[in-house]
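>>> the following block contains a protein sequence and its predicted model.
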Number of protein chains: 2
Amino acid sequence: MEIKSATQEKTGLIACWCGRIKALPRKFKAKVTEVAQKTKKIGQDDPRRIVHSLRVGLALTLVSMFYYVSPLYDGFGGSGMWAVLTVVVVFEFTVGATLSKGLNRGFATLLAGALGVGAEYLASLFGEKGQPIVLGFLVFLLAAASTFTRFFPRIKARYDYGVLIFVLTFSLVAVSGYRVEQIIELAQQRLLTIIVGGAICIIISIVICPVWAGEELHILVAANIEKLASFLEGVGVEYFKFSEDGGSALVSEDEKSFLRGYKDVLNTKTMEESLANFAWWEPGHGCFRFRHPWKQYLKIGVLARQCAYKFEALNAYINSDIQTPSEFQRRIQEPCTKISTESGKALKELASAIKTMTHPSSAASTHVENSKIAVDELKSALQSASLGKADLLEIIPAITVASILIEINKCIEKIAESIHELSHLAHFSSVEATATMEKPPQLLHRGSVKPVGDGDDDGDAVHIVIIVHGKFSDFPEKGNSDQAPKMSQPVEV
Amino acid sequence: MEIKSATQEKTGLIACWCGRIKALPRKFKAKVTEVAQKTKKIGQDDPRRIVHSLRVGLALTLVSMFYYVSPLYDGFGGSGMWAVLTVVVVFEFTVGATLSKGLNRGFATLLAGALGVGAEYLASLFGEKGQPIVLGFLVFLLAAASTFTRFFPRIKARYDYGVLIFVLTFSLVAVSGYRVEQIIELAQQRLLTIIVGGAICIIISIVICPVWAGEELHILVAANIEKLASFLEGVGVEYFKFSEDGGSALVSEDEKSFLRGYKDVLNTKTMEESLANFAWWEPGHGCFRFRHPWKQYLKIGVLARQCAYKFEALNAYINSDIQTPSEFQRRIQEPCTKISTESGKALKELASAIKTMTHPSSAASTHVENSKIAVDELKSALQSASLGKADLLEIIPAITVASILIEINKCIEKIAESIHELSHLAHFSSVEATATMEKPPQLLHRGSVKPVGDGDDDGDAVHIVIIVHGKFSDFPEKGNSDQAPKMSQPVEV
């Protein structure tokens, strides 16, 4: 009996294994298809990723071949290695990041090399026995002190890589065991190769389809404001629109996607900060000057997030089951819709002002004002509402939505203010809004930041045509007015 | 007249410059003092930073001296350089990060070295003229493909550094210009030095005051839950307490600090994710097993942030001017206070359960239940409220606060659920709650994550003493019950 069951078990196991092995090619094929699909998606999401990969390949091949073919160096026994190392480590996706790493590497190597030679000289004064002790002590001291400075937030943000290379080069030079003259020759060679490697990276990253961190930040912030706008407009149009039969209109899942777009805004802090840090390293490009007020984008980002937090609270009531609107709901419906849509339109205008790098149009201010008026209307509607018979519990969601909308309105005002500030700090060009059905130029829409609101539900919105004014009389700083005409051109950055 | 004014201007300029130069030492001193204070603060905030700096110094000195003194290598012309490089680049603050980088570096070097030798061999088949072309093509292909894989989120999170080193090593080996035998010898030597460097880093980072990424994540999540608890308790006690004379009690700025603590929770997503990634690399340590459910911490983190977003909305009403409470406000005051304080207490219990790695006490469930009951009370209070004469506009903030509190209550339930799930997944030990005034052991409070709620306003809270049950009959997986007694000991991790 036992033997029989053991045999059965064995047969079962074998069958199980056979099945698994047979399934292997199918599983493998499925896996390959999955990876291929993912790869395609990553490439399609942002084709610049493919370009970047090719750029890295090109830079590496160039520098490798240069040193491989060059008769100056006999293979990679020499310093050519450092050029390859530099290219691999320094080449980043954005120009700012590449510049930051390249410059950090160059200057840190220079400084640490000089200090290393000094240390070597100092140690040699202590005789053959004292030398390793002094060198060891110096390496310990410098490594510990430098590592500690990496905890300073400002150094961490901008010079982290420099400090790393500083420690590395100093240790290498100090403990190299060479005499001072040898070191100087070696250091010269090494510095030269690092400069060659770094220069190739920087040139390629600027010349071939450059990705500017500053521009990315600019696009990201504008896209975030647009996402907030889409949410508000969507809420205004969809949520408060009650259908004829008394219930509210049913919103399909597809239409609800705009209700989730703002969620991206909640988590862009880290990205915004790193982009701003990299942008700090970039030279002027396109319509961004060398010292573009990148910090102002971070301020706008903070306000946008505060607004998104309020949306998150609002969303809890919007996603809850919508019941038959009471008389009270009908009463506050109009001002609520108005606050929501007007705020949304104001944000759309402001986002478009950022994108086209023009002063926010007067339409933006008008929409903000309209929204404010709607808040007053809402308040008086609430004040005059008689709740004699209404069940308070039933209308609580409506009251909360109204109350949060009032708070959101305050937030929008702050965002508008900070974008106005940005337009002055960055010397955006002046525009005159003329009502027309022409589309505004979507100049900066490209790449990873997907176009938001291109041709969707704003058919009734008033669009603007940009007309450049030569005068900047209403600007705080007149000195930069010569930049204005350039900015108003369709910008190919 | 003109000459006079010019002279005056000159004298003015000179005086101005003199003043500046005289002020220089004072400014310099002020700057030095500022830097010294900052340094002190950074060190005091987390003394492990100082320890880490010393550890890096030690590792670097050790490896430098090993190669400097060792008769095996004649100075740093040899491969010793790679050991120094490895130490500088691999040594990170947490054990997980060091392991991740060290292992990535080791395996990537091995793999790329082998592939590089293959490439070299393949290229040699094409004759002297074809060789550079084939090599260049292979470098280009591999560099571009590898760089592209770095855009895959999963590879980015875990193997980013490995891919970098892979490209680096492959290029170096493929274009080294050496013959295959030479390369193998060189690669052996280089791999050995990398292993020595990596091993020194890993050993020092584990032996000398280790900072475990997993433990940091554990502490961070517990501290975040505590911050949420402090906010809720604070709001319950302070905001809803109206003073005798009819107005609400004034909350001093100092007391209000608890109202801001939760803001840290809003921005810990990136940190939680990177800690979870590093924790994945760590071996079992202290009371954390090798495959501790780190992902569950991320889930709790997401819920905690959702809760914090609601706090952010709530805060707008709490910070606004508190007016004389209407009759309505007095009516809902009690259930609101109860929801807030009971939710806060529940979170405190849950945070303490995470910290002590025990199953959430029944007190936590009781508090959650109490909070739910309070929600029902609030609802019926709202239902029965007669608003005949009350001005709706005046009571809107109170209604909104009540409404958001109801939403927060739902959030707290979800958090409680996810922490229960964690306690099962991670096989926390079982406890029996006994009412006593003894403090719970604050085992894991240490370092950068400041102790929250140590000895502050919870004097009336019921504390628990942990009693270990040998049986795990209520656990889903009995197999791991042998770990239980170990966990309940005061853990010195």
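It's in. Residues are numbered from 1 along each chain as shown, chains lettered A, B, ... in the order given.

>>> hey, let's count contacts and neighbours off CA atoms from now on
Fine.

>>> so where do the helices sit in the stretch 351-493 of chain A?
Secondary structure of the stretch 351-493 of chain A (DSSP state H, counting those that start in this stretch): helices located at A:362-384, A:392-425, A:484-488.

>>> got any ranges where the stretch 51-200 of chain A has weak pLDDT?
A:70-79, A:177-180 (pLDDT under 70).

>>> change it to 80
Within the stretch 51-200 of chain A, the stretches with pLDDT under 80 are A:66-81, A:175-189.

>>> ranges for the helices of it?
Under DSSP H, counting those that start in this stretch, the stretch 51-200 of chain A gives helices at A:80-90, A:95-124, A:127-149, A:153-174, A:180-207.

>>> show me what the longest one is packed against.
Identification of packing neighbours for helix A:95-124 by 3 or more C-alpha pairs under 8 Å, 6 or more residues apart in numbering or on different chains; DSSP states H and E yields helix A:80-90, helix A:127-149, helix A:153-174, helix A:180-207, helix A:213-234, helix A:269-279.

>>> okay, buried residues for the helix or strand just after the last one please.
Sequence-wise, the next helix or strand beyond helix A:269-279 is helix A:294-318, with elements assigned using DSSP states H and E. Neighbour-count burial for helix A:294-318 flags A:294, A:296-298, A:300-315, A:317-318 (criterion: 16 or more other C-alpha atoms under 10 Å in any protein chain shown).

>>> I'd say A:F278 and A:G102 touch.
No: using C-alpha atoms under 8 Å, A:F278 is not in contact with A:G102; the gap is 12.0 Å.

>>> same drill for those two, tell me which one is more crowded.
Just comparing A:F278 and A:G102: by other C-alpha atoms under 10 Å in any protein chain shown the higher neighbour count belongs to A:G102, 27 against 24.

>>> show me what contacts the more buried one?
A:V90, A:G198, A:I202 (C-alpha atoms under 8 Å, 6 or more residues apart in numbering or on different chains).

>>> so the last one sits against A:G96, correct?
No: with contact defined as C-alpha under 8 Å, A:I202 does not count as touching A:G96 (9.4 Å).

>>> hmm, who's touching stretch A:371-378?
A:I332, A:P335, A:C336, A:K338, A:I339, A:S340, A:E342, A:S343, A:A402, A:I406, A:N409.

>>> pick out the most distant pair among these.
Of all pairs drawn from the contacts of stretch A:371-378, the one with the longest distance (C-alpha to C-alpha) is A:I332 and A:S343, at 16.5 Å.

>>> between those two, which one's more packed in?
Each of A:I332 and A:S343 has its neighbours counted (other C-alpha under 10 Å); A:S343 has more, 30 against 21.

>>> surely that one and A:E369 touch.
No: counting by C-alpha under 8 Å, A:E369 is not a contact partner of A:S343; they are 9.2 Å apart.

>>> buried set for stretch A:30-48?
Neighbour-count burial for stretch A:30-48 [16+ other C-alpha under 10 Å]: A:T39, A:I42, A:G43, A:R48.

>>> nearest spatial neighbour of the first one, skipping sequence neighbours?
With C-alpha to C-alpha, 6 or more residues apart in numbering or on different chains as the criterion, A:T39 has its nearest non-adjacent residue at 7.9 Å, and that residue is B:F152.

>>> I'd say the one you found and A:K41 touch.
No: using C-alpha under 8 Å, B:F152 is not in contact with A:K41, being 10.2 Å away.

>>> turn the buried residues of stretch A:30-48 into a markdown table, columns for pLDDT and secondary structure.
A markdown table is the format used below for the buried residues of stretch A:30-48 (pLDDT from 0 to 100; DSSP: H, G, I helix; E, B strand; the rest coil):
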| residue | pLDDT | secondary structure |
| --- | --- | --- |
| A:T39 | 91 | helix |
| A:I42 | 91 | helix |
| A:G43 | 91 | helix |
| A:R48 | 92 | helix |
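
>>> out of these, which is nearest to B:N267?
Distances from B:N267 to those, taken by C-alpha to C-alpha, are shortest for A:I42, at 26.6 Å.

>>> distance from the chain centre to stretch A:41-48, please.
Counting by C-alpha atoms, centre = their mean, to the nearest Å, stretch A:41-48 is centred 16 Å from the centre of its parent chain.

>>> let me fix that, I meant to ask about stretch A:280-291.
17 Å.

>>> name the residues of it that are buried.
Counting neighbours by 16+ other C-alpha under 10 Å, stretch A:280-291 gives A:W280, A:W281, A:E282, A:P283, A:C287, A:F288 as buried.

>>> circling back: could you measure the residue nearest to A:T39 against B:S146, distance?
From B:F152 across to B:S146, the span is 11 Å (C-alpha to C-alpha, to the nearest Å).

>>> got it, and A:G284?
Distance of A:G284 to B:S146, given as C-alpha to C-alpha: 31 Å.

>>> go on, A:L382?
On the measure of C-alpha to C-alpha, A:L382 and B:S146 end up 62 Å apart.

>>> A:N104 now?
Going from A:N104 to B:S146 by C-alpha to C-alpha gives 25 Å.

>>> what of A:H359?
Taken as C-alpha to C-alpha, the span from A:H359 to B:S146 is 43 Å.

>>> neighbour count for those two, which is higher?
A:H359 (23 against 19).

>>> the stretch 151-300 of chain A against chain B: which residues are in contact?
Contacts of the stretch 151-300 of chain A with chain B, taken as C-alpha under 8 Å from any C-alpha of the partner chain, map to A:151-152, A:164, A:167-168, A:171-172, A:175-178, A:267, A:269-270.

>>> just the buried residues of the helix or strand A:E342 falls within, please?
In this assignment (DSSP H and E), A:E342 forms part of helix A:327-356. By neighbour count with 16+ other C-alpha under 10 Å, helix A:327-356 contains the buried residues A:328-329, A:332-356.

>>> equivalent analysis for stretch A:52-68, please.
A:52-65, A:67-68.

>>> can you state the direction angle for the helix holding A:E342 and helix A:392-425?
20 degrees (axes from the mean of the first three to the mean of the last three C-alpha atoms, to 10 degrees).

>>> what's helix A:327-356 packed up against?
Against helix A:327-356 (3+ C-alpha pairs under 8 Å, 6+ apart) you get helix A:213-234, helix A:362-384, helix A:392-425.

>>> go through those helices and pick out the most buried.
Of all the helices and strands packed on helix A:327-356, helix A:213-234 has the most neighbours on average by mean count of other C-alpha atoms under 10 Å in any protein chain shown, namely a mean of 25.

>>> what is that one packed up against?
Partner elements for helix A:213-234 (3+ C-alpha pairs under 8 Å, 6+ apart): helix A:95-124, helix A:258-261, helix A:263-266, helix A:269-279, helix A:294-318, helix A:327-356.
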